[in-house]
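Participant: Next comes the sequence, and after it the predicted model I'd like to discuss.
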Amino acid sequence: MSAKQSLLKAALILAIVFSLMILHTGMSSAKSITLKVSHQFAAGDVRDQMGRVFGDMVTEKTKGEIKFRHYPAQSLFKAREQWDAMRKGALDMSTFPLDYASGKVPQLSITLMPCAVTTVKQGLSWRNKPIGKKVDAILGQHGVRNLVWAWFDGGVGSKIAAGKKFEYMLKEAGASITSMPSSETYHALSTGVIDTMLTSSASFVSYKLYEVLKYINAPRDYSIWYMSENLCISEKTWSRLTEDQQKIFMETAEWMHENWIEKNFKTLVDKLIESYTKAGVEIHYMTQAEFNEWLEFAKKTSWQDYAKNVDGGQELLDLALDAMK
């Protein structure tokens, strides 16, 4: 073989190898994606942990094909902006209080309906009941998919920042209402915009509200406030995943439901009581008689308003009450 032929052969081999390297790199980058996860809660809050535990498990199960970048404390999107960001595909995932979208999707007020859920365990049971399937369908119709159900109990104050149907009930009871995300309440309390507030046990602690509150109604035995703050994914992002990847997401979500959520949430009220006792905040524990009074009042106010003024409200309310049985 002449020197010229040898040179051409070597050049051809190098070209083939180079092409295979480019093809392999292209295939690898096509398979590997990084999803953005946003929420309003402080880093280290149990809701932040929920997203990270879920993400770490998916990354491990997909052998690094799917990774997650977390943006706590509204560092990517403001609390209420996350809904539209997921719908449009600008945000991949969020730990999102579903009632925050009730201004645009009124049906979602069912996920913060006074006295309609009485324990975290009962709320988690929604995922396997008609009410949960109905909420999932509503989310899907608006471009968001539910992954992990997460319910939180909350405390009660006198002049309260709360969800839409809580606002209606408390206005009827004579309260003056200011509505805002829980991430804004410390500043609002400090500056006198609100006197007291209503939020989850987790937020009462992670936002250090014991520094500005003097009284709290802690949900140790009874609470009229349970809120669904779920790990959700944009349907646009979901459609980019392969069937195998989607299967891993759902298997991981089910593992979270069975092994992680209740285990890590049931201690939140204990942490609240410990933090507020140490801070010298006066604590009241709601009695069954007090709960029953609020329940009867909720039936006449927020439940009635929801059933009358929200499209499909009566059906959703009936399904929620069936889930209590």
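Facilitator: Now that the structure is in, tell me what you want to look at. All of these numbers come straight from a predicted model, not from anything done at the bench.
Participant: Tell me which helix or strand comes right after the top strand by length along the chain.
Facilitator: Using DSSP state E, we find that the single longest strand of the chain is strand 226-234. Downstream of strand 226-234, the first helix or strand assigned by DSSP states H and E is helix 235-238.
Participant: What residues are bridge-paired with S200?
Facilitator: In this structure, S200 bridges to G154 when assessed by DSSP bridges.
Participant: which ones are touching it?
Facilitator: Going by Cβ atoms under 8 Å, 6 or more residues apart in numbering, S200 touches F152, D153, G154, S182, W225, M227, E229, L268. C-beta coordinates here come from the backbone N, C-alpha and C atoms, glycine included.
Participant: rerun that using 7 Å as the cut-off
Facilitator: F152, D153, G154, M227 (Cβ atoms under 7 Å, 6 or more residues apart in numbering).
Participant: From the residues you listed, pick the one nearest I138.
Facilitator: Of all the contacts of S200, M227 has the smallest distance to I138: 16.4 Å, by Cβ to Cβ.
Participant: how about the nearest residue to the closest one, chain neighbours excluded?
Facilitator: Counting by Cβ to Cβ, 6 or more residues apart in numbering, L112 is the residue found nearest to M227 once chain neighbours are left out, at 4.8 Å.
Participant: now M250
Facilitator: Going by Cβ to Cβ, 6+ apart, M250 has L147 as its nearest residue, at 7.9 Å.
Participant: Let me see the backbone angles for the one you found.
Facilitator: phi -110, psi -60 (degrees, to the nearest 10).
Participant: before we move on, the earlier item: tell me, how many residues neighbour the residue nearest to M227?
Facilitator: 26 (other Cβ atoms under 10 Å).
Participant: Where does E60 sit, in terms of helix or strand?
Facilitator: For E60, the host element (DSSP H and E) is helix 46-61.
Participant: just to revisit the earlier point, surely the residue nearest to M250 and I233 touch.
Facilitator: Yes: counting by Cβ atoms under 7 Å, I233 is a contact partner of L147 at 5.6 Å.
Participant: Let me know the pLDDT of V156.
Facilitator: We have a pLDDT of 54 for V156.
Participant: Also K61?
Facilitator: Note for K61: predicted pLDDT of 98.
Participant: swap in K159?
Facilitator: Value listed for K159 in the pLDDT field: 35.
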